[in-house]
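Q: Okay, here's the prediction I keep looking at, along with the sequence it came from:
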Amino acid sequence: MIFKLLKTDPATSARAGELITDHGKIETPIFMPVGTLGSVKGIHMHDVREDINAEIILGNTYHLYLRPGMEIMARAGGLHKFNGWDKPILTDSGGYQVYSLSQRRKLDENGVLFHSHIDGSRHQFTPESVMDVQRTIGADIVMAFDECTPYPCEYEYAKASMEITHRWLDRCISHFGKTEPKYGFSQSLFPIVQGSTYRYLRQQSAEVIASKEADGNAIGGLSVGEPHEIMYEITALVCGILPVEKPRYLMGVGTPANILESIALGVDMFDCVMPTRNGRNGMLFTKEGIINIKNKKWEDDFSPVEEDGASMVDKQYSKAYLRHLFVAGEMLGSMIASQHNLAFYLWLVRQARNHIRAGDFASWKDEMLQKVARRL
């Protein structure tokens, strides 16, 4: 994997770059649609590629390990062949599921023993087994196994969690180095900075992660309930420590405003379920603000979902029709809204990239922030 830093914004820490993998080039900053189970929920892969113009998608190690399982994945030849996506893929290591399944797991130095949310069966993830699973899935970018701490979190717990994440990282790096990719293309391992909302812990973790000289680095454990101001403060601190010449991935973030603010702090890569999850509930993100399409005010509004929208569905369907689909309980409504939202997110990061290159990102960002967070 090669990362080229092409331009930095003169007024902020925003960066434009290129991330080159064996499955293609990714222009940064980039938003990565979440395909937890190997699919971007409710959207055909053709539309993810051609309409949304995604350059990379996510898969989730925990969920794919349970279904369809690694025997099927290996026989398919990896996730790219299994789901028909020929561009880059990143896999989450399952660390967030360790956090979210806190009532169904037991964590110790060796790893995590957990009960499947599907059938209650017992399984164990270790740093080594998680590397093996991600080798079998065949993602271009794989994540180190970590523990994501909740918010709020006591200092001593956050410290102990960060330290075990660092020890697991060493085991991930060692095992990853002893194994080979299974499908003839290279894979890169990204470590994850932890430390909750404590500046000293985040500084310490960022220094440890930077010292590993990985192909790229991630910031985890944010957007778990802490105020946005704290998220930005920690992100700025960590970006100031992580190496300039490597891509930075802020995991699980976030709203359009979160993404713009974090790009300004020096983040290159983002993912979040918000575009599809909120879309399924009738919330549309647009260039002028947020629409709740189920509101009666759109009942006889026959204008496009968004004038000059980023997706083909914006031109095909009116607000009134989309509202009708939601009121009638038609699944097409959720599909259209999800496709629109993802196309908007990809449009937003492309525009950010263009303005970084043009040298006017800061003024454009300030203008966009006034629009994207308001309710229409």
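A: Yep, it's here.

Q: Name the nearest residue to residue 167, sequence neighbours excluded.
A: With CB to CB, 6 or more residues apart in numbering as the criterion, residue 167 has its nearest non-adjacent residue at 7.4 Å, and that residue is residue 109. For the C-beta atoms, the positions are set from N, CA and C on the backbone; glycine is no exception.

Q: Which other helices and strands does the helix or strand containing residue 62 contact?
A: Secondary structure here is read from DSSP states H and E; on that basis residue 62 sits in helix 61-66. Judged by 3 or more CB pairs under 8 Å, 6 or more residues apart in numbering; DSSP states H and E, helix 61-66 is in contact with strand 89-92, strand 122-125, helix 127-137.

Q: What lies in contact with the longest one?
A: Among residues not part of helix 127-137, those counted as contacts by CB atoms under 8 Å, 6 or more residues apart in numbering are 59, 61, 64-65, 70, 73-74, 78-79, 89, 91, 93-94, 111, 142-145, 168-169, 171-172, 175-176, 179-182, 187, 189.

Q: residues touching residue 284, list them.
A: With CB under 8 Å, 6+ apart as the criterion, the residues that contact residue 284 are 290-293, 305-306, 337, 340-341.

Q: of those, buried ones?
A: For these, a burial check counting by 16 or more other CB atoms under 10 Å picks out 290-293, 305-306, 337, 340-341.

Q: Just the ones of those in helices?
A: With helices defined by DSSP state H, the entries of the buried ones among the contacts of residue 284 inside them are 337, 340-341.

Q: Tell me, how many residues neighbour the residue nearest to residue 60 when sequence neighbours are not counted?
A: What sits nearest to residue 60 in space, not counting adjacent residues and going by CB to CB, 6+ apart, is residue 36, at 4.5 Å. Applying other CB atoms under 10 Å, we find 17 other residues in the vicinity of residue 36.

Q: Just confirm residue 36 is within a strand.
A: No. Counting by DSSP: H, G, I helix; E, B strand; the rest coil, residue 36 is located in no strand; its state is coil.

Q: show me the contacts for it.
A: If you count contacts by CB under 8 Å, 6+ apart, then residue 36 has 58-60, 63, 273 around it.

Q: Relative to residue 282, how far out is it?
A: 21 Å (CB to CB, to the nearest Å).

Q: Would you mark the buried spots in stretch 351-369?
A: Counting neighbours by 16+ other CB under 10 Å, stretch 351-369 gives 351-353, 355-356, 361-362, 364-365, 368 as buried.

Q: so where is the chain shaky, pLDDT-wise?
A: 98-99, 101-102 (pLDDT under 70).

Q: Domain-wise, how is it divided?
A: For the chain, automatic domain parsing gives the domain ranges 2-272, 273-376.

Q: Please name the bridge partners of the residue nearest the centre of the chain.
A: In the chain, the residue lying closest to the centroid (CA atoms, centre = their mean) is residue 271, at 1.9 Å. In this structure, residue 271 bridges to residue 32, residue 253 when assessed by DSSP bridges.

Q: Hmm, it is touching residue 30, no?
A: No. With the criterion set as CB atoms under 8 Å, residue 271 and residue 30 do not qualify as a contacting pair; they are 9.4 Å apart.

Q: gap between stretch 104-112 and the chain center?
A: Taking CA atoms, centre = their mean, to the nearest Å, one finds stretch 104-112 lying 24 Å from the centre of the chain it belongs to.

Q: tell me which residues in that stretch are buried?
A: 105, 107, 111-112.

Q: what distance separates the start and the end of that stretch?
A: Chord length of stretch 104-112, first to last residue, is 10 Å (CA to CA, to the nearest Å).

Q: same check, this time on stretch 28-43
A: The stretch stretch 28-43 measures 23 Å between its terminal residues, going by CA to CA.

Q: Pull out the buried residues from it.
A: Of the residues in stretch 28-43, those with enough neighbours to count as buried (16+ other CB under 10 Å) are 28-36, 38-43.

Q: Can you tell me which of these is closest to residue 117?
A: Distance to residue 117 across these (CB to CB) is lowest for residue 36, with 12.4 Å.

Q: how much space is there between that closest one and residue 128?
A: Residue 36 is 23 Å from residue 128, where distance means CB to CB.

Q: contacting residues around stretch 344-353?
A: Contacts of stretch 344-353 (CB under 8 Å, 6+ apart): 14, 16, 27-31, 33, 52-54, 256, 259-260, 263, 270, 275, 285-287, 306, 309-311, 361, 364-365, 368, 372.
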